[in-house]
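# predicted model follows, preceded by the sequence.
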Amino acid sequence: MSDSSQQYSGMTRYRWVICSMLFLATAINYMDRQVLSLTWKDFIAPEFGWNDTDYGIITGCFSIVYAISMLLIGKVIDKLGARRGYLWAIGFWSAGACLHAFCGIATNGILTGTWLVGFEGAKESLATLQVVGDTVWTVSTVSVYLFLAARCVLAIGESGNFPAAIKITAEYFPKKDRGFATSVFNSGAQIGALLAPFVIPLLARYYGWEMSFLLVGAIGFIWMGVWVYVYDAPQESKHVNAKELAYIEQDAAEEGQATEKAAAKKEKGISIWKCFTYRQTWAVVAGRFLPDGVWWFFLFWAPAYVRDVYGYSSDSTTGMLLIFTLYLISMLSIPGGYLPTWFINRLGMNPYAGRMRAMLIYAFFPLIGLIAQPMGAWSYWYPIIIIGIIGAAHQSWSANVYSVVGDMFPKSAVATVTGIGGMSGGIGCLLFNMCSGMLFTYSKETQMDFMGFKGIEAGYMIVFVVASLAYLLSWIIIKLLVPRYQLIKE
């Protein structure tokens, strides 16, 4: 047995219970986020008369509200603490998810003055309104604004998930384990996305699209009850014994810091504006801007892609299997997330160097996206498999960008810097989704040509090219900004 194993022999492993709670919260987060993408094309758009531009505006506005919220929410969570901050966030986004269900009733109420109708009554009334020439535009516009309002509530709440989760990971895991722990809880995104195509379209088909928002949103309130019982800071938790606490705080011991004093004395915080003066912050911004836009594009548009290019609706057996396969393949990010830990433990690299080497490897995988659309001429399975591989590379990349924050910033600033990075990703998503929506509408209307593809397929080919190059470009920028590991001390 090694000296390290003997030192920590007999420790509890409660940190993994906490990690499982982060995993569940992230899965719920992505289930809530996926409901609209899996219902809009086949259920919501026909009811309200939406087109691709309308959907692009809704997803783009969600992204910018998410981005702005991420800038502020990190500081809020640093002040409130992980326990209260996480409760506030998931309660808010669960309420926002449920609000979507009432947009049809509210649209009918605004247009007719009649509010006391059920879901079916609103559908019948709106169908009648849409046969009147000028009213089609009105129904579409009013419903888009109402969905925008509900998405804004969802975005504000969801913005708290990753800052809180990364802060908790920094509290419960030493630096060498944070990349893997983050990849484990971050895989909740794929699990949520895996379950969504089998659950949400069927709920929408048999019980109405409104119930899919209500039932999925309600799951978050159940999580809140469990969180109150499960979470305490590691120094205060009765489930963490002395040896596990020593394992968690090994970085402080190795760096010659007084762990007891660090536990007793809160670190001085770093203001948001001060964070922007560090090159390390801008490296995190670069790591999130383009890659997050790519990931959210596939999250929001994959069901529409399957419908537009191959003709399978989200509630068809083939459509559900395609989306399920895409996110099943993206689960490869879990073992992929262990790669930096292997570099650190086996090669003796510092955490930042190990992550950067792993992220370079991840950045090469999305390049196969350049052949996704051409391969689709043989079978629709090829682009789905390729998108899944890009998704796995993204989640492995994302886990390590998150972990870089904990490596280089004090714990008191982790949520703040994570929020800044999230803001960057949200802005990237805004641009990616709004531009994609306008591109797809334009490509269909003009039957544009690009690299041998015509119409909507040409639009998707343009997006694949951008997505394929995004990660390598981002890695180069990060490396230029922060060539080597440098700890921020305040």
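It's in. Numbers count the residues shown, from 1 in each chain.
# neighbours around residue 108, how many?
24 (other CB atoms under 10 Å). Where C-beta positions appear, they are placed from N, C-alpha and C, glycine not excepted.
# and what of residue 238?
Using other CB under 10 Å, residue 238 has 7 other residues around it.
# could you look up the SS state of it?
The three-state assignment at residue 238 reads coil, by DSSP: H, G, I helix; E, B strand; the rest coil.
# tell me which residues touch the nearest residue to it once chain neighbours are set aside, please.
Of all residues not flanking residue 238 in the chain, residue 232 sits nearest, at 7.5 Å (CB to CB, 6 or more residues apart in numbering). For residue 232, the contacting residues are 83, 238, 239, by CB atoms under 8 Å, 6 or more residues apart in numbering.
# where does residue 232 land in three-state SS?
coil.
# where does it land on pLDDT?
At residue 232, the model reports a pLDDT of 87.
# now swap in the one 3 residues further on and tell me
Residue 235 carries a pLDDT score of 87 in this model.
# hang on, it in a helix?
No: looking at residue 235 with three-state DSSP, it is coil, so not inside a helix.
# low-confidence ranges, the stretch 101-250 of the chain, go.
130-137 (pLDDT under 70).
# same thing but at 50, please
Of all residues in the stretch 101-250 of the chain, none has pLDDT under 50.
# which stretches of it form helices?
Secondary structure of the stretch 101-250 of the chain by DSSP state H, counting those that start in this stretch: the helices cover 103-112, 119-130, 135-158, 161-172, 175-186, 188-207, 209-230, 242-248, 250-254.
# likewise for the stretch 251-400 of the chain?
For the stretch 251-400 of the chain, applying DSSP H, counting those that start in this stretch gives helices covering 259-264, 272-275, 279-310, 317-330, 333-336, 339-347, 351-364, 372-375, 381-408.
# for the longest one, name the packing helices and strands.
To tie it back to what came earlier, the one meant is helix 279-310. helix 14-39, helix 52-80, helix 317-330, helix 381-408, helix 411-446, helix 456-481 (3 or more CB pairs under 8 Å, 6 or more residues apart in numbering; DSSP states H and E).
# nearest to residue 182, of those helices?
Smallest distance to residue 182 across the helices and strands packed on helix 279-310 (CB to CB): 4.1 Å, for helix 381-408.
# one step back: for the contacts of residue 232, which one is nearest residue 435?
For those, the nearest to residue 435 is residue 83 (39.1 Å; CB to CB).
# just to revisit the earlier point, what about the residue nearest to residue 238, distance to residue 27?
23 Å (CB to CB, to the nearest Å).
# same question, residue 387
Remark: distance between residue 387 and residue 27 (CB to CB) = 20 Å.
# which one's more surrounded, those two?
Using other CB under 10 Å, the more surrounded residue of residue 387 and residue 27 is residue 387, with 26 against 23.
# the more buried one touches residue 327, doesn't it?
No: with contacts counted by CB atoms under 8 Å, residue 387 stays clear of residue 327, the gap being 9.5 Å.
# re earlier: closest one to residue 446 among the helices of the stretch 251-400 of the chain?
That would be, of the helices of the stretch 251-400 of the chain and by CB to CB, helix 279-310, which comes in at 15.5 Å.
# which positions within that closest one qualify as buried?
Within helix 279-310, the residues that count as buried by 16 or more other CB atoms under 10 Å are 280-309.
# now the angle between helix 14-39 and that helix, please.
40 degrees (axes from the mean of the first three to the mean of the last three CA atoms, to 10 degrees).
# tell me the mean pLDDT over helix 279-310?
Mean predicted confidence for helix 279-310 is 86.
# that helix versus helix 351-364: what angle between them?
If you take the same axes, to 10 degrees, helix 279-310 sits at 20 degrees to helix 351-364.
# let me see the contact set for the spatially closest residue to residue 142 that is not a sequence neighbour.
In space, and not counting its chain neighbours, residue 142 is closest to residue 107: 4.9 Å by CB to CB, 6+ apart. Taking CB under 8 Å, 6+ apart, we find residue 107 in contact with 48, 122, 126, 139, 142, 143, 146.
# could you rerun that using 10 Å?
Counting by CB atoms under 10 Å, 6 or more residues apart in numbering, residue 107 touches 47-48, 122, 125-126, 129, 138-147.
# for the residues you listed, which one is nearest residue 66?
Closest approach to residue 66 among the contacts of residue 107 (CB to CB): residue 147, at 15.0 Å.
# what's the neighbour count on the closest one?
Neighbours of residue 147 using other CB under 10 Å come to 27.
# nearest residue to residue 279 other than its sequence neighbours?
Nearest residue to residue 279 in three dimensions, chain neighbours excluded: residue 481, at 4.8 Å (CB to CB, 6+ apart).
# what residues sit buried inside stretch 209-228?
Neighbour-count burial for stretch 209-228, counted by 16+ other CB under 10 Å, picks out 209-210, 212-217, 219-220, 223-224, 227.
# let me fix that, I meant to ask about stretch 83-90.
For stretch 83-90, burial by neighbour count (16+ other CB under 10 Å) applies to 83, 85, 86, 87, 88, 89, 90.
# and stretch 139-152, by the same measure?
Buried residues in stretch 139-152 (16+ other CB under 10 Å): 139, 140, 142, 143, 144, 146, 147, 148, 149, 150, 151, 152.
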